[in-house]
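# sequence plus predicted model, see below.
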Amino acid sequence: MSKAPTKRNDAVDLLDADHIAVKKLFQQYNKLAEADAPADERKALATQICHELTVHAQIEEEIFYPAVREATGDTGMMDEATVEHASAKDLIAQIEAMQADEPMFDAKVIVLGEYIDHHVTEEREEMFEKARKTDLDLKAMRDQLMERKQALEAEMTSTAG
């Protein structure tokens, strides 16, 4: 019998759904970069990736990380995740400030994707497992995360226009 992940429809599943969605966006970006697609197409997709990651990181940092830090007492794991977020945000800021036809644009987006893959693997294999072993109400947290995510997306949409 294979050990397929059980969908609990909780905070971990919500965050992991974001991980899966952004991985698909990075795969699309890599195809565009390999095909030397027009700069505006690559820029639009890179902007979408940066937007998704910014919202995701913020809900993790505001809601999920503090709760998991307190529930697990694992400051090392949580500190590492926070530093990884800071590094990703730095790369996101660089990407957002660039045009897609500038040197290093594709490389920065591709490296961000590799960086996020590493971060997601650690969250899945360590943090999410530990979170599920605590007495945190991950179903209630899912609702909190969704509500905050929707508010941030609405904010970003209103300021982008």
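Received the coordinates, thanks.
# residue nearest the middle of the chain, spatially speaking?
Nearest residue to the geometric centre of the chain (Cα atoms, centre = their mean): residue 53, 4.2 Å.
# so who does that residue touch?
22, 88, 92, 112, 116 (Cβ atoms under 8 Å, 6 or more residues apart in numbering). For the C-beta atoms, the positions are set from N, CA and C on the backbone; glycine is no exception.
# over to residue 46?
Residues in contact with residue 46 (Cβ under 8 Å, 6+ apart) are 29, 95, 100, 105, 109.
# what's the answer for residue 69, then?
For residue 69, the contact set (Cβ under 8 Å, 6+ apart) comprises 75, 78.
# repeat that for residue 60.
Per Cβ under 8 Å, 6+ apart, neighbours of residue 60: 15, 81, 85.
# sorry, back to before: return the backbone torsion pair for the residue nearest to the centre of the chain.
phi -70, psi -40 (degrees, to the nearest 10).
# before we move on, the earlier item: just the contacts of residue 46: which are in helices?
Judged by DSSP state H, the contacts of residue 46 include 29, 95, 105, 109 as members of helices.
# most neighbours among the residues you listed, which one?
Tallying neighbours with other Cβ atoms under 10 Å puts residue 109 at the head of the ones in helices among the contacts of residue 46, with 27 neighbours.
# from residue 152, how far out is it?
When Cβ to Cβ, to the nearest Å is the yardstick, residue 109 and residue 152 sit 22 Å from each other.
# just residue 46 next, same as before
For residue 46, the distance to residue 152 - Cβ to Cβ - is 19 Å.
# so how far is stretch 64-73 from its chain's centroid?
With Cα atoms, centre = their mean, to the nearest Å as the basis, stretch 64-73 stands 18 Å off its chain's centre.
# go on, stretch 84-98?
With Cα atoms, centre = their mean, you get 12 Å for stretch 84-98.
# so for it, mean pLDDT?
Averaged across stretch 84-98, pLDDT comes to 97.
# ok, and what's touching that stretch?
Under Cβ under 8 Å, 6+ apart, the answer for stretch 84-98 is 46-47, 50, 53-54, 57, 60-61, 104-105, 108-109, 111-112, 115-116, 118-119, 122.
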